[in-house]
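Student: make a model of this:
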Amino acid sequence: QVQLVESGGGLVQAGGSLRLSCAASLRTFNHYAMAWFRQAPGKEREFVAAVGWNGGTTYYADSVKGRFTISRDNAKNTVYLQMGTLKPEDTAVYYCAADLSYIHTSVLSDDYDYWGQGTQVTVSS
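Tutor: From the prediction side, this is the model:
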């Protein structure tokens, strides 16, 4: 059974940093594009960042570009989201997702096959 387990969320002051991790039980983790999405209360889930199967391709939402960095360690079956200069509007539940794809690194949630349970990030002003 595939599991994606996020960790690293918490409460942080504006301007601070957090690093989220997502450990995947995928046997062929390096066959998957990985992404982070987030959902704030009363809002729809939105794309944050994605990384291709070998880490060579990355995409970011405009709202986080320059502040967040996505990376992966295929030897550890783990994807990371380093978040810096956090703002109150970054407050959300952050979800890790996996898409079986060598060719295309999607920014669309419908393309992702597996999802984690989410980790809460709260940024206080």
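Student: please make it C-alpha for all contacts and neighbour counts, starting now.
Tutor: Noted.
Student: for the spatially most central residue of the chain, name its beta-bridge partners.
Tutor: In the chain, the centroid-proximal residue (C-alpha atoms, centre = their mean) is W36; its distance is 2.2 Å. Counting by DSSP bridges, W36 is bridged to A49, C96.
Student: what's the answer for L100, then?
Tutor: Legend: beta-bridge partners of L100 under DSSP bridges are Y32.
Student: give me the distance between the closest residue to C22 other than its chain neighbours and Q39.
Tutor: Nearest residue to C22 in three dimensions, chain neighbours excluded: E6, at 4.3 Å (C-alpha to C-alpha, 6 or more residues apart in numbering). Distance of E6 to Q39, given as C-alpha to C-alpha, to the nearest Å: 14 Å.
Student: more neighbours: those two, which one.
Tutor: Per other C-alpha atoms under 10 Å, whichever of E6 and Q39 has more neighbours is E6, with 24 against 19.
Student: can you confirm the more buried one is in a strand?
Tutor: Yes. Applying DSSP: H, G, I helix; E, B strand; the rest coil, one finds E6 inside a strand.
Student: what sits against it?
Tutor: When contacts are counted by C-alpha atoms under 8 Å, 6 or more residues apart in numbering, E6 touches 20-23, 95-96, 116-119.
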